[in-house]
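# compute the structure for the input listed below.
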Amino acid sequence: MNDRTTPFEKTRPDKVRKQYKKQEEFTLYGWNSCMSAFKARPESLLRIFFSRARSSELKDVKAYCSERKLPFRQLDQESLNKVAAGVHHEGVIMVVKPLLPESAHRLIRGKMPDKGLVVALDSIDNPHNQGAILRTCAFFGVEGLIIPGAGKASVIPSSAARMAEGGLEEVPVFTSSDLPSALRDCREQGWFVIGADSSAKETLFDADIKFPAVVVMGNEQTGLSARVKQKCDKVVRVPGKGSLQSLNVSVAAGIILAEIDRRRKTRKKR
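Got it, this is the predicted structure:
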């Protein structure tokens, strides 16, 4: 028989088909996110769609596809919007093999630099905030980002990857289904856990911070959960002078990481 499709494949429900496809493919869009992925792991590319305006800029990518017989196609704006499920693709969409996150336990059991820095998200599942924080982590050379989820079942969404502007290729992402337990393990390894919460009494700039350090950012509406706070060595806030005493969580993360990065680079005077 020429038909290689098995009876199971013929009868597999569409929902299961989509689940398998989701595990095997990931849609990247946005110029920086796509080109960073191609530069870091060209072997993961499966196919690419692009606008007429981007065609000449993708000369090397198209040549790569031609050599390996990978599909590439120029599309109009409406078609690109449909493929990306949005309008913020900047004229390029790559379908790639996904970077599946590993369990946070692998990060915790690994070797951490003396002044290593890790970021953990407590119930932050907004893709724009995830992506913006991931971009900031890449900027400051963070060793890993821990996000909510259970092992390989959770993946940074496409919209977060676009917001990260290539940060997904720079910062290893790990998942934890029980962040308090993961933070407990971090402390057992000698890592200093510092939580960020707008209701904290101590400010970021007054706090004594040790390394390696784990910065935990909480949900904008509810802040850090009680169980997570219990696992922190310190809980601090970013002080402000205005009447509005709240920050977007990704902005707060940028301020906190900038201050902690400054401290880990400062040499102690003898």
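# ok, which stretches of the chain are helices?
7-11, 14-24, 31-40, 59-68, 77-84, 104-109, 127-139, 158-164, 179-188, 226-230, 249-265 (DSSP state H).
# show me what the third one is packed against.
Contact analysis of helix 31-40 by 3 or more C-beta pairs under 8 Å, 6 or more residues apart in numbering; DSSP states H and E lists strand 45-50, strand 92-96, helix 158-164 as its packing neighbours. Where you see a C-beta, it was placed from the backbone N, CA and C, and this is true even at glycine.
# how close does A213 sit to V171?
A213 is 15 Å from V171, where distance means C-beta to C-beta, to the nearest Å.
# likewise for V155?
14 Å.
# which one of those two is surrounded by more residues?
Legend: neighbour count by other C-beta atoms under 10 Å for V155 and V171, higher for V171 (23 against 19).
# go ahead and confirm that one touches F140.
No. The criterion here is C-beta atoms under 8 Å, and V171 misses it with F140 at 9.7 Å.
# if you compare the helices of the chain, which one is most tucked away?
Comparing the helices of the chain by mean neighbour count (mean count of other C-beta atoms under 10 Å), helix 158-164 ranks first with a mean of 25.
# got a list of contacts for that helix?
For helix 158-164, the surrounding residues in contact (C-beta atoms under 8 Å, 6 or more residues apart in numbering) are 26-30, 33, 84-86, 88-89, 127-128, 130-132, 134-135, 138, 156, 168.
# same thing but 6 Å
For helix 158-164, contacts defined as C-beta atoms under 6 Å, 6 or more residues apart in numbering pick out 27-30, 33, 127-128, 130-132, 134-135, 168.
# average pLDDT across that helix?
Averaging pLDDT along helix 158-164 gives 95.
# repeat for stretch 28-48
The model assigns stretch 28-48 a mean pLDDT of 97.
# so what would you say the end-to-end distance of that stretch is?
9 Å (C-alpha to C-alpha, to the nearest Å).
# and what of stretch 218-229?
Using C-alpha to C-alpha, one end of stretch 218-229 lies 10 Å from the other.
# next: stretch 188-198.
Stretch 188-198 end-to-end distance (C-alpha to C-alpha) = 26 Å.
# just stretch 88-101 next, same as before
By C-alpha to C-alpha, the extent of stretch 88-101 from end to end equals 25 Å.
# great, nothing more from me.
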